[in-house]
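Colleague: pasting the sequence and the predicted coordinates here, then a few questions.
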Amino acid sequence: MSTIKKQPQRLCIGCQEMKDKKDLLRVVCTPEGEIELDPTGKKNGRGAYICKNASCLEKAMKTKGLHKAFKREISTQTYNRLIEEIGTLETK
């Protein structure tokens, strides 16, 4: 009898939907306080998950999803940089 492995589920901070962890991108707040994308999912720091499209990140910007997840203010420059990085990932 083989056992079926459950896929870990995470909540997208943009659309607020539970999805498989492998279908989401991790955004991490490093111990130094920098906020960046973590495509490997293994960087040190507090993580939050978001869908792999810019529209979910824009929703998170409106609802202050990253601000709530990391318990700190997130600048619009940081959001814009993350949107650009997600845009480059979408085109690949």
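Modeller: Perfect, I can see it now.
Colleague: list the buried residues of the lowest-mean-pLDDT helix or strand in the chain.
Modeller: Per-element confidence for the chain was summarised using mean pLDDT, DSSP states H and E. The lowest value among helices and strands belongs to helix 76-91, with a mean of 85. Of the residues in helix 76-91, those scored as buried under the neighbour-count criterion (16 or more other C-beta atoms under 10 Å) are Thr78, Tyr79, Leu82, Glu85, Ile86. Just so you know, the C-beta spots here come from the backbone N, C-alpha and C atoms, and that holds for glycine as well.
Colleague: check stretch 10-23 too.
Modeller: Of the residues in stretch 10-23, those scored as buried under the neighbour-count criterion (16+ other C-beta under 10 Å) are Arg10, Leu11, Cys12, Ile13, Gly14, Lys19.
Colleague: how about the secondary structure of the fifth one?
Modeller: What that stands for is Gly14. When the structure is reduced to helix, strand and coil (DSSP: H, G, I helix; E, B strand; the rest coil), Gly14 reads as coil.
Colleague: next one: the last one
Modeller: Secondary structure assignment for Lys19 (three-state DSSP): strand.
Colleague: same question, the second one
Modeller: Secondary structure, three-state DSSP: Leu11 is strand.
Colleague: can you pull the contacts of it?
Modeller: For Leu11, the contacting residues are Glu17, Met18, Tyr49, by C-beta atoms under 8 Å, 6 or more residues apart in numbering.
Colleague: ok, residues contacting stretch 17-25?
Modeller: Residues outside stretch 17-25 that contact it (C-beta under 8 Å, 6+ apart): 7-12, 37-39, 41, 49-52, 86, 89.
Colleague: again, 6 Å this time
Modeller: Residues external to stretch 17-25 that are found in contact with it (C-beta atoms under 6 Å, 6 or more residues apart in numbering): Gln7, Pro8, Gln9, Arg10, Leu11, Tyr49, Ile50, Lys52.
Colleague: how far is it from where the chain is centred?
Modeller: Taking C-alpha atoms, centre = their mean, to the nearest Å, the mean C-alpha location of stretch 17-25 is offset from the chain mean by 9 Å.
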